[in-house]
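A.B. asks: Sharing a model prediction with you, sequence too.
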Amino acid sequence: MSQTRIESVRNIGIMAHIDAGKTTTTERILYYTGKGHKIGEVHDGAATMDWMVQEQERGITITSAATTCVWHDTTINIIDTPGHVDFTIEVERALRVLDGAIGVFDAVAGVEPQSETVWGQADKYGVPRIAFVNKMDRQGADFKACLDEIREKLDKIAAPIQLPINVEDEFVGLVDLLEMKAVYWDNNDLGETYEYKEIPPSMVPECQLALEELIETLSDYDDELAEVYLEGHEITAIRLRKVIRKAVIDYGFIPVMCGSAFKNKGVQPILDAVVNYLPSPQDRGEVVGVGGKNTNKKEVRKPSTNEPFSALAFKITSDHYVGSLTYVRIYSGELKVGQNIYNPLSKNRERVGKILQMHANKKNELESAIAGDIVALTGMKSTITGETLCAENKTIIFDLMKFPDAVISIAIEPKTSIDEKKLVTVLNQLILEDPSFSYKNNKETGQLLIYGMGELHLEIITDRLCREFNVNVNIGKPQVSYRESIKETAQVADTFEKEVGGKVQFGQCLIKVERCDCQEGIEFHTSLTKRALPQKYLDVIKKSIIDSTPGGVLAGYAFINIKATLLAAEYNELESSEIAYTIAAANAFRNACKVAKPVLFEPVMALEVVTPTDYTGDVISDINMKRGRIIVMDIKQGKDRVHAEVPLSEMFGYSTDLRSKTQGRARFTMNFLRYEELPENLAKIILEKRGIYI
């Protein structure tokens, strides 16, 4: 297996706001690369990548689907990601393992809220990108406005490498600025053939100006290009492609393209851009982790078959035919069927049953896979999402993924005793597949609650329980996942002293709690040194307090925004024990929180509503009635765009409300923003519903 193969691989994702045309673009890519024999349309429920029943019925992408195709001797592994905010985790874990991405934008809507979210995720992992402004054939399409928003809203240095020839109904093709040629597609063969012609005379000045601006932008990344440009020499397309590739990979420059995937125009140049501008695993270079045995030691793996094997498991799904599938990105080395590999976090060996190259839900068996490949494995028994797999004699652990907390829950109950026996097993399987999903039994009410990222997320989960796993459940109303914090500062000491098995177990500590701005949960601090208390007991106290995060003192909601400080601790060399300090620390912390006036926090959502002007007043009035705050308003494409912050508890059923108030002509997007303290009168009502009176 040569390095040449690694250099000719592109691992890319297609990401965007919902309805921007990601899956439609992917379907064309599969068709033009020969992977698909026909074009599947999203609106017909026939898209190859939207293979789940729930996706086909709703016309949206729910789970990120992987496929592989070939373009000009380059292997392209593609992950088509969801655009709905409830499934952001699918984008997160895809971007964690990808080398590049295509950002798709609606030429009419421009940069939408979820576009900003997924681009922020790509920034987090340093993923190089190209941009494709889709739907140039739609009424109201505006390429320049979309380009400006990419620069302003996403804070990117971006420049077009194509310009559209006309827009809306008159959109017929595009101008390739590097070649300074017009490109036209044949409407009779689904856009499979296209030809280069002279640029329409009326567009020549605009294209020359755009090319000069592109060269000036690229000159900032390449001194040699700047010198040639200043001397007035001709600059070839080959030289420009070379500089664009360098700028995209090293500096985050965004080349912007355009077209209409649905009308089969502009897709082949995207494939050319993926090959020409996005990095191979070789270009992305070495990956860094820590030693499996010594987590303070940095370990490095180069994208080479000569390096020890290492991979990251980024997704787990269940399959009716082969059981559990573990999707992995191989970073180094080679993997073969039947090989034993090691999970340094669970400290378990895993045996590779099958290596599968995925095409949505279809599979192609491979004998081996190498660095740079994205494949699915069978036989993984103890590996979960985000864990590293490696050679046992050369261990490494890559950074774990962090997933957002769920903000909404519903109560479910099995309909029959047979459903009851299967339910917990199935829920645990769903947690393996989707780390943003969770469940727990409410000890006070006896209800089983499932938690997710939004109403649609939980709707899909319950639908899958019935259809996919044959578990029938009754479903309660959605509930908000509140949090608990404190209003004041308090300090409490607790002592645990008890004789167990003839030996006294002793632990005593003084804990101070106060409000802070850490929405992650509990921050732990101490000024005590190892001389005052041995390190193992300091670690035990910290762990005991941090482990208190999931269960608050008011109603059992998780703690946030609390700083806990260990002020003092008594130590007895003969009687002190870890279990005693664990109990004393937990008791001291929780009692201190009770003294510090515990309060409820509620999730607040960022809401954006796009509505015709005639209905703006009704929309704003409705938001105000829902305890919302209008942040800003602007006008886009002749419609008002209202940005607001609204408590999640007020937003259940909002899609129906908005449709009725605007005759179905407005649309909205909503995503989690932060937690805020709940007004005391509302907190009292919520607690009283749970039988808690304060």
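C.D. replies: Noted; the coordinates are in hand. Numbering: from 1, shown residues only.
A.B. asks: Give the buried residues for stretch 478-488.
C.D. replies: 478-486 (16 or more other CB atoms under 10 Å). Any C-beta I mention is one placed from the backbone N, CA and C, and that applies to glycine too.
A.B. asks: before we move on, what about stretch 114-128?
C.D. replies: Neighbour counts over stretch 114-128 (16+ other CB under 10 Å) mark 114-119, 121-122, 127-128 as buried.
A.B. asks: how about those residues, which pair is most distant?
C.D. replies: Across the buried residues of stretch 114-128, the longest distance by CB to CB is 20.3 Å; it joins Gln114 and Pro128.
A.B. asks: tell me the phi and psi of the residue nearest the centre of the chain?
C.D. replies: Centroid check for the chain by CA atoms, centre = their mean gives Glu92 as the closest residue, at 2.3 Å. Note on Glu92: backbone dihedrals following degrees, to the nearest 10 are phi -60, psi -50.
A.B. asks: I figured it hits Thr385, correct?
C.D. replies: No - between Glu92 and Thr385 no contact is recorded; they are 10.4 Å apart, counting by CB atoms under 8 Å.
A.B. asks: Pull up the overlap in contacts between these two.
C.D. replies: Counting by CB atoms under 8 Å, 6 or more residues apart in numbering, the contacts common to Glu92 and Thr385 are Met401.
A.B. asks: Work out the gap between the host helix or strand of Thr75 and the centre of the chain.
C.D. replies: If you go by DSSP states H and E, Thr75 is part of strand 74-80. The chain centroid and the centroid of strand 74-80 are separated by 18 Å, computed with CA atoms, centre = their mean, to the nearest Å.
A.B. asks: Adjacent strands (with direction) for that strand?
C.D. replies: Here strand 74-80 is paired, per DSSP bridges, with strand 9-15 (parallel), strand 65-71 (antiparallel).
A.B. asks: list the contacts for the spatially closest residue to the residue nearest to the centre of the chain that is not a sequence neighbour?
C.D. replies: Counting by CB to CB, 6 or more residues apart in numbering, Glu92 lies nearest to Gln121, which is 5.6 Å off, once chain neighbours are set aside. Counting by CB under 8 Å, 6+ apart, Gln121 touches 88, 91-92, 95.
A.B. asks: Helices of the stretch 351-500 of the chain, start to end?
C.D. replies: For the stretch 351-500 of the chain, applying DSSP state H, counting those that start in this stretch gives helices covering 417-433, 455-467.
A.B. asks: Columns mean neighbour count on top of those helices, output as a markdown table?
C.D. replies: Compiled in a markdown table, the helices of the stretch 351-500 of the chain are given as follows (neighbours: other CB atoms under 10 Å):
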| stretch | mean neighbour count |
| --- | --- |
| helix 417-433 | 15 |
| helix 455-467 | 19 |
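A.B. asks: of all these, which lies closest to Ala585?
C.D. replies: So among these, helix 417-433 is nearest, using CB to CB, at 28.9 Å.
A.B. asks: Can you give me the separation between Ala580 and His233?
C.D. replies: Shown here: Ala580 relative to His233, a distance of 79 Å by CB to CB, to the nearest Å.
A.B. asks: In a markdown table: the helices of the stretch 351-500 of the chain, plus mean pLDDT.
C.D. replies: Formatted as a markdown table, the helices of the stretch 351-500 of the chain follow (pLDDT from 0 to 100):
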| stretch | mean pLDDT |
| --- | --- |
| helix 417-433 | 87 |
| helix 455-467 | 84 |
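A.B. asks: Export those helices as JSON lines, with columns for distance to His643.
C.D. replies: Shown next, in JSON lines, are these (distance: least, CB to CB, whole Å):
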{"stretch": "helix 417-433", "distance to His643": "34"}
{"stretch": "helix 455-467", "distance to His643": "21"}
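A.B. asks: just to revisit the earlier point, just checking, which of the strands paired with strand 74-80 sits deepest inside the structure?
C.D. replies: Per residue and on average, the most neighbours among the strands paired with strand 74-80 fall to strand 9-15, with a mean of 26 (mean count of other CB atoms under 10 Å).
A.B. asks: who touches that one?
C.D. replies: Defining contact as CB under 8 Å, 6+ apart, one finds that strand 9-15 is touched by 22, 25-26, 64, 74-81, 83, 91, 94-95, 97-104, 118-119, 122, 127, 274-275, 278-281, 329, 372-374.
A.B. asks: what mean pLDDT does it have?
C.D. replies: Strand 9-15 shows a mean pLDDT of 91.
A.B. asks: same for whichever helix or strand comes after it, what does it pack against?
C.D. replies: Going down the chain from strand 9-15, the next helix or strand is helix 22-32, by DSSP H and E. Judged by 3 or more CB pairs under 8 Å, 6 or more residues apart in numbering; DSSP states H and E, helix 22-32 is in contact with strand 9-15, strand 65-71, strand 74-80, strand 100-106, strand 129-134, helix 267-277.
A.B. asks: Quick check: Ala588 vs Cys516, distance?
C.D. replies: Separation of Ala588 from Cys516 (CB to CB): 18 Å.
A.B. asks: between those two, which one's more packed in?
C.D. replies: Ranked by neighbour count (other CB atoms under 10 Å), Ala588 and Cys516 place Ala588 first, with 30 against 16.
A.B. asks: re earlier: take the contacts of Gln121 and write them to JSON lines, including pLDDT and distance to Ile460.
C.D. replies: Shown next, in JSON lines, are the contacts of Gln121 (pLDDT from 0 to 100; distance: CB to CB, whole Å):
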{"residue": "Thr88", "pLDDT": "71", "distance to Ile460": "14"}
{"residue": "Val91", "pLDDT": "80", "distance to Ile460": "16"}
{"residue": "Glu92", "pLDDT": "82", "distance to Ile460": "17"}
{"residue": "Leu95", "pLDDT": "86", "distance to Ile460": "21"}
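A.B. asks: And these, which is closest to Val133?
C.D. replies: Val91 (19.6 Å).
A.B. asks: name the element that closest one belongs to?
C.D. replies: Assigned by DSSP H and E, Val91 falls within helix 88-97.
A.B. asks: Using CSV, list the CA coordinates for that helix.
C.D. replies: The C-alpha coordinates for helix 88-97 follow below in CSV (Å, rounded to 0.1, in the frame of the first residue of the first chain):
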residue,chain,number,x,y,z
THR,A,88,-26.1,19.0,15.3
ILE,A,89,-24.2,16.1,17.0
GLU,A,90,-24.1,14.3,13.7
VAL,A,91,-22.2,17.3,12.2
GLU,A,92,-19.9,17.5,15.2
ARG,A,93,-18.7,13.9,15.1
ALA,A,94,-18.4,14.0,11.3
LEU,A,95,-16.2,17.1,11.3
ARG,A,96,-14.0,15.6,14.0
VAL,A,97,-12.7,13.1,11.5
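A.B. asks: That helix packs against which elements?
C.D. replies: Counting contacts by 3+ CB pairs under 8 Å, 6+ apart, helix 88-97 packs against strand 9-15, helix 113-124, strand 310-319.
A.B. asks: Could you count how many residues lie near Val287?
C.D. replies: 20.
A.B. asks: got it, and Asn671?
C.D. replies: Applying other CB under 10 Å, we find 20 residues neighbouring Asn671.
A.B. asks: Could you list everything it pairs with in the sheet?
C.D. replies: Taking DSSP bridges as the rule, Asn671 bridges to Ala606.
A.B. asks: Val604 is in contact with that one, correct?
C.D. replies: No - distance between Asn671 and Val604: 10.8 Å, which falls outside the contact criterion (CB under 8 Å).
A.B. asks: Nothing else from me, thank you.
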